[in-house]
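S.K.: could you work out the structure for the sequence below:
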Amino acid sequence: MIISALLTVAQAPAEAAPTAVVTVEEAPVETSPTPAVETSPTPAPVETSPAPVEPAPATTGGETVSVVEAGDGTKTTTTTTTTTGEIKPKAVRHVVMDPLPSPPPPVPRDRIRKGPWRGRWWAGLRIGLAGPIAGDVPAKPTVGSVSGGFDLGYRVNNWLGIGTGFSGHLQDRAEVEEVTPAGVETRTVYGDMIFWDPLFIRAYLPVKRRFQPFAEVGGGLASHERAEGGYILGGQLRGGAGFDGWVTSNVTLGVIANYRLTRLNQKFADGAVAHPIGHSYQVLFELGFHW
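M.R.: Purely as a prediction, here's the structure:
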């Protein structure tokens, strides 16, 4: 009995010690968790996919809040601040167009104009020199002078044109004596020649270059106002050659040399009639307008 009592007393303090240890481990309060050290191997972690991001509605300051939930139940909150301010819906505009009309019918091949565009109508202003070649006076000029004229024409195609025109120059000169209170005075007077070509034909060399040569032939009426006074009418023929230089698509500068054959119907006071024939030339510069 004595031995049993001693054993009981010896075991009592030993059993109380574990109770005191448990009390000491639970008493301290720590601000941060202490990682546990495991001595036994841990099982392989099971791979889990993170939960989908739950975007929170954007604030007026341009913040976007995203919450990500991991496989172990932990949620991570991410805040992204943007500088664009409040997110507003963007209007999308769609342009509505009418369908294109159907194409026009093709032009027949025989109606397509061949060659470069030269215009249909043209008008030319001419100025230059005129002088005698040969013949009989008064059909032949006796002086050289300035000559000028005007042509109006129509181009049938790239190589053929028809037109009409006027031109003129000084034809002759005479010394006239006039009696004045101061005495007899002598002065020089001039006669002129006017040509009207109702029709002339101009043939062009059909080239596609800036300079286009041509030749022309025509004829019409001639009217000579004599320096001594009076008119003589007749007929004339015109022939020449030249070229047009295209400055723009509507303007040309050209040079032309013309030959004139003039036949007049001259009547004298005694009733006699003569038909003098004269030959003259004209060298002209032409400013042309085409449309």
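S.K.: just the helices in this structure please.
M.R.: Under the criterion DSSP state H, the chain contains helices at 2-26.
S.K.: what about the residue nearest to Gln171 when sequence neighbours are not counted, how many residues nearby?
M.R.: Of all residues not flanking Gln171 in the chain, Met193 sits nearest, at 4.1 Å (CB to CB, 6 or more residues apart in numbering). (Each C-beta comes from the backbone N, C-alpha and C, glycine too.) For Met193, the count of nearby residues is 28 (other CB atoms under 10 Å).
S.K.: show me the contacts for Met193.
M.R.: When contacts are counted by CB atoms under 8 Å, 6 or more residues apart in numbering, Met193 touches 141, 168-171, 222-225, 262.
S.K.: let me see the confidence value for it.
M.R.: Met193 carries a pLDDT value of 97.
S.K.: likewise for the one 3 residues further on?
M.R.: Among the per-residue scores, Trp196 shows a pLDDT of 97.
S.K.: what separates it from Leu100, distance-wise?
M.R.: The gap separating Trp196 from Leu100 is 55 Å, by CB to CB, to the nearest Å.
S.K.: these two - which one has more neighbours?
M.R.: Remark: of Trp196 and Leu100, Trp196 carries more neighbours, 15 against 6, as counted by other CB under 10 Å.
S.K.: show me what Arg126 is bridged to.
M.R.: Gly149, Glu286 (DSSP bridges).
S.K.: point out where the stretch 101-250 of the chain drops to low pLDDT.
M.R.: Applying pLDDT under 70 to the stretch 101-250 of the chain flags the ranges 113-116.
S.K.: in it, which spans are strands?
M.R.: Taking DSSP state E, counting those that start in this stretch, the strands of the stretch 101-250 of the chain run over residues 121-135, 145-155, 160-180, 183-204, 211-225, 231-246.
S.K.: which residues sit in contact with the residue nearest to Ala203 when sequence neighbours are not counted?
M.R.: Spatial nearest neighbour of Ala203, chain neighbours left out: Ala215 (5.5 Å); criterion: CB to CB, 6+ apart. Each residue near Ala215 by CB under 8 Å, 6+ apart is listed here: 202-203, 239-241.
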